[in-house]
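Undergrad: this one's sequence-less:
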């Protein structure tokens, strides 16, 4: 059974930098699971910068769902440790591509979607049965309550996902201003 290290914190807090440092220090073959989608120039630039800061020998897997099929990917098979960056971006994609209109949908529809999302997170966490994992996620619960429905649903679901990942993790770190606080 692999170990799960969970790293959370605010935007631009240094989460990814710390996760990459831990992966480098492991001296293991790394597969970087990138959950983002290059949907505009800003995101394309952000992805480019992330790629440039990673070691060239790390393999990248661009995936935000269907983690039960990841064993079919060569880069996964060759890796010893998985770095997942990031769970909240994965959540964003799953919500955005769900087809729900969050301004008009019912709470029951959101509950069904959340169950589907939690299943994806479970599939992701099952990968730790084979390999060590470093999982990055944003901490959203310290800010203002979003004024729009989708933002509120997003924050609430992200909070529950983070609680799930933290409960399964062997080590949990909160990153603030580039400094790490070990929580578990």
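TA: Arrived safely. No experiment lies behind these values; they were computed from the predicted model shown. Numbers count the residues shown, from 1 in each chain.
Undergrad: roughly how far out does the lowest-mean-pLDDT helix or strand in the chain sit from the chain middle?
TA: Every helix and strand in the chain was compared by mean pLDDT, DSSP states H and E; the lowest is helix 41-53, with a mean of 81. Helix 41-53 sits 16 Å away from the centroid of its parent chain (CA atoms, centre = their mean, to the nearest Å).
Undergrad: Run through the neighbouring helices and strands of that helix.
TA: Applying 3 or more CB pairs under 8 Å, 6 or more residues apart in numbering; DSSP states H and E, we find helix 41-53 packed against helix 15-25. C-beta: built from backbone N, CA, C; applies to glycine.
Undergrad: For residue 169, see how far away the residue nearest the centre of the chain is.
TA: In the chain, the residue lying closest to the centroid (CA atoms, centre = their mean) is residue 87, at 2.0 Å. Applying CB to CB, to the nearest Å, the value for residue 87 to residue 169 is 12 Å.
Undergrad: Which residues are in contact with each of those two?
TA: Common contacts of residue 87 and residue 169, defined by CB atoms under 8 Å, 6 or more residues apart in numbering, comprise residue 135.
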